[in-house]
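Asks: Sharing a model prediction with you, sequence too.
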Amino acid sequence: MQAPTIGGVSVPRGDGSTVVRVRRGSSLMDFADKINADPAALVTVLIHLGEMATATQSLDEDTFKLLGAELGYDVQVVSPEEEERELFDSFNIDLEFGIDTEDDEDLQPRPPVVTVMGHVDHGKTRLLDAIRNADTGSGEAGGITQHIGAYQIHKEHEGVDRPITFIDTPGHEAFTAMRARGAKVTDIAILVVAADDGVMPQTVEALNHAQAADVPVVVAVNKIDVEGANPAKIRQQLTEYNLIAEEYGGDTMFVDVSAKQGENINELLEAVLLTADAALDLRANPDRDARGVAIEANLDKGRGATATVLIQSGTLKVGDAIVTGSSHGRVRALLDEHGEAVEEAGPSRPVQVLGLSSVPRAGDTFVVAPDDRTARQIAEKREAADRQASLAKSRKRISLEDLNEALAAGKVDTLNLILKGDVSGSVEALEDALLQIDVGDEVDLRIIDRGVGAITMNNINLAMASDAIIIGFNVRAEGQNADYAEREGVEIRYYSVIYQAIEEIEAALKGMLKPEFEEVQLGTAEIREIFRSSKFGNIAGSIVRSGEIKRGAKARITRDGVVIAENVEVAGLRRFKDDVTEVREGFECGINLGSFNDLQVDDLIATYEMREKPRD
């Protein structure tokens, strides 16, 4: 039925009770799709009602209500969460899971999921190493756990083999959002406090996250072997934050540990299991389609898009069609924390999934779909909604250094950033931390794109069009991409420690950026062959691609655009049988990188030095 002409146009009318549901932030074009109308006609109707809007402009709820009342529709604006539920309902996929929604006889015990939290340098990574008996913390920049994942260990408790799942979350305060996300899938939090240092700001921050998520806390008082350690003082300090030790009449378990010496690690695991048994009803239904969360995701050169997922309910099997965020695919393989293939994974089990179409975001929920077609349709609808939500405006290119002058001249009110990182957890955490920077009303910070992997030509073109600065976290732009960015005046900033990125962006936004040193690239060399030496370790037979390689210079090793080592020293340099101090472009040489031996053919060695940069 057509409406009477309004402003010279006619549009389909409702009967006053016809319900139309639109997503928050929708445009006239989206509303037009729902009622089979011409978007241009709706623009005319709005003008007739005294409202100006374009067809692609997001409208608020009041405007939609006004338009709906005029055309005979009951317009209901729904949140993304509600729309998600409706989307899955339309495909007959039940999102409700948990011990409250399952029949009691279907539920079986599941392992506890544990997150380790605490202040930087209080020993979180070393404690995790002690728990899994593996040394992963030695090569991390700034002592921060950069790559987050999950793994499962086993502990014998009261004669029964009990698995415990650990989520390996980053430790610095910049990862506030990632820790909070970790707490949402966490059953128990281990709060690490150094016995020689005491309760620090990040300790309180981590504790607030755990308490807000209503997660029981076990306190690990670490570094009891260090001089000046005072575990009793820690217990006293934490009473101020409602963590009262059992020996003081409270219900929080405190365990004095030394991660370095491996002391009392078993007692800590016992405390985790006792807390789980006493305070939590950890059960799930393994006999249903799997639901869970993507803990981490990255792009692997040989395997494509991979994601580490934590199953919260059901059992994930090889061959299942899954959708996580705007990514979908059929599970090609499942790998455990040791890289070994498994056929299926039950509740609380972390596994790496191979077979996804693209890299999902850390924290995306995943579900098993009935078939590939359904999974693809859900992913496409999610992607369209995400794309609509992230439309950004274009501006003139700018650098951090001249941002202050541009602000003073009134030329800019938005700093656009493009984030690229080696894993999606770091990108998500960096994005959340940057968006929380408080710089007042004068300037707006906008993340217009984010992604995993090396900085590409597409990223640089988007930066040109949007006047954005590209931030590379543990990834680089190499070869023609780096040249193109330099030629077009696109600024790319590289970081290996996230809080440095946050500090510099915040300083720039506040007009206080005063870098004292800048990195100057000296030369790059491509590894052609690896020679093994019992005396010197691995020697990289290389050809110098640009500049010159100097003995004693600092070097960065990249593989397919991803940084695999930072701050490595060129310990030795040889031409044929002669020791030399430098080798110029076009010549071949042998490069020894001291104790660093994780080299492969085609790796790129970039040498650089830090030079003092004068400020205007």
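Replies: Yes, it's here. Numbering: from 1, shown residues only.
Asks: can we go C-alpha only for contacts and neighbour counts from here?
Replies: Will do.
Asks: and the closest residue to Ile35 other than its chain neighbours, backbone torsions?
Replies: Nearest residue to Ile35 in three dimensions, chain neighbours excluded: Pro12, at 6.9 Å (C-alpha to C-alpha, 6 or more residues apart in numbering). Note on Pro12: backbone dihedrals following degrees, to the nearest 10 are phi -60, psi 140.
Asks: again with Met52
Replies: phi -100, psi 130.
Asks: same check, this time on Glu340
Replies: Per degrees, to the nearest 10, the backbone of Glu340 is at phi -100, psi 140.
Asks: which residues in the stretch 301-450 of the chain form helices?
Replies: Remark: helices assigned in the stretch 301-450 of the chain by DSSP state H, counting those that start in this stretch are 372-389, 403-408, 424-435.
Asks: could you point out where the stretch 151-300 of the chain is predicted with low confidence?
Replies: 169-184 (pLDDT under 70).
Asks: Give the buried residues for stretch 15-30.
Replies: By 16 or more other C-alpha atoms under 10 Å, the buried positions in stretch 15-30 come out as Val22, Arg23, Arg24, Gly25, Ser26, Ser27, Leu28, Met29, Asp30.
Asks: returning to what we had before: worst mean pLDDT among the helices of the stretch 301-450 of the chain?
Replies: Lowest mean pLDDT within the helices of the stretch 301-450 of the chain: helix 403-408, at a mean of 57.
Asks: Ala206 is in contact with Val120, isn't it?
Replies: No. Contact between Ala206 and Val120 fails when scored by C-alpha atoms under 8 Å: they sit 10.8 Å apart.
Asks: Just list the residues touching the closest residue to Asp289 other than its chain neighbours, thanks.
Replies: Nearest non-adjacent residue to Asp289, counting by C-alpha to C-alpha, 6+ apart: Gly314, 5.1 Å away. Applying C-alpha atoms under 8 Å, 6 or more residues apart in numbering, one finds that Gly314 lies in contact with Ala284, Asn285, Pro286, Asp287, Arg288, Asp289, Ala290, Arg291, Gly346, Pro347.
Asks: what separates Thr581 from Leu268, distance-wise?
Replies: 52 Å (C-alpha to C-alpha, to the nearest Å).
Asks: Looking at these two, which has the bigger crowd around it?
Replies: With neighbours defined as other C-alpha atoms under 10 Å, Thr581 and Leu268 compare such that Leu268 has more, 22 against 13.
Asks: ok, residues contacting the longest strand seen in the chain?
Replies: If you go by DSSP state E, the chain has its longest strand at strand 517-533. The contact list for strand 517-533, computed with C-alpha under 8 Å, 6+ apart, reads 538-550, 585, 599-613.
Asks: Can you say which of those residues are buried?
Replies: 538-550, 599, 603-608.
Asks: tell me what whichever strand or helix holds Leu42 is packed against?
Replies: Using DSSP states H and E, the element containing Leu42 is helix 39-48. With contacts defined as 3 or more C-alpha pairs under 8 Å, 6 or more residues apart in numbering; DSSP states H and E, the packing partners of helix 39-48 are helix 28-35.
Asks: can you tell me how far the most centrally placed residue in the chain sits from Val221?
Replies: The residue lying closest to the centre of the chain (C-alpha atoms, centre = their mean) is Gly425, at 1.8 Å. According to C-alpha to C-alpha, Gly425 stands 27 Å off from Val221.
Asks: again with Phe254
Replies: 7 Å.
Asks: Show me which of those two is the more surrounded one.
Replies: Ranked by neighbour count (other C-alpha under 10 Å), Phe254 and Val221 place Val221 first, with 29 against 24.
Asks: Quick one: residues contacting Thr365.
Replies: So Thr365 contacts Arg291, Gly292, Val293, Ala294, Thr324, Gly325 (C-alpha under 8 Å, 6+ apart).
Asks: sorry, back to before: identify the farthest-apart pair in the buried residues of stretch 15-30.
Replies: Arg24 and Met29 (13.4 Å; C-alpha to C-alpha).
Asks: Which stretches in the stretch 101-250 of the chain count as strands?
Replies: With strands called from DSSP state E, counting those that start in this stretch, the stretch 101-250 of the chain shows them at 108-109, 113-118, 149-157, 160-168, 188-194, 217-222.
Asks: same check, this time on the stretch 301-450 of the chain
Replies: Using DSSP E, counting those that start in this stretch, strands in the stretch 301-450 of the chain cover 304-313, 316-317, 321-324, 327-335, 341-342, 344-345, 350-356, 365-369, 414-421, 444-452.
Asks: and the second one, what does it pack onto?
Replies: Under the contact criterion of 3+ C-alpha pairs under 8 Å, 6+ apart, strand 316-317 touches strand 344-345.
Asks: and if you look at the third one?
Replies: Helices and strands touching strand 321-324, as assessed by 3+ C-alpha pairs under 8 Å, 6+ apart, comprise strand 327-335, strand 365-369, helix 372-389.
Asks: Show me the one of those that comes nearest Gly72.
Replies: Judging those by C-alpha to C-alpha, what sits closest to Gly72 is helix 372-389, at 26.1 Å.
Asks: buried set for the closest one?
Replies: Asp372, Thr374, Ala375, Arg376, Gln377, Ile378, Ala379, Glu380, Arg382, Ala385.
Asks: Residues contacting that helix from elsewhere in the structure, which ones?
Replies: 25, 87-88, 91, 321-330, 368-369.
Asks: Let me have the contacts of Gly314 in CSV, extended by secondary structure, distance to Gly339 and neighbour count.
Replies: Shown next, in CSV, are those (DSSP: H, G, I helix; E, B strand; the rest coil; distance: C-alpha to C-alpha, whole Å; neighbours: other C-alpha atoms under 10 Å):
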residue, secondary structure, distance to Gly339, neighbour count
Ala284, strand, 25, 24
Asn285, coil, 26, 25
Pro286, coil, 23, 21
Asp287, coil, 25, 15
Arg288, coil, 25, 15
Asp289, strand, 24, 19
Ala290, coil, 21, 25
Arg291, strand, 22, 24
Gly346, coil, 17, 22
Pro347, coil, 19, 25
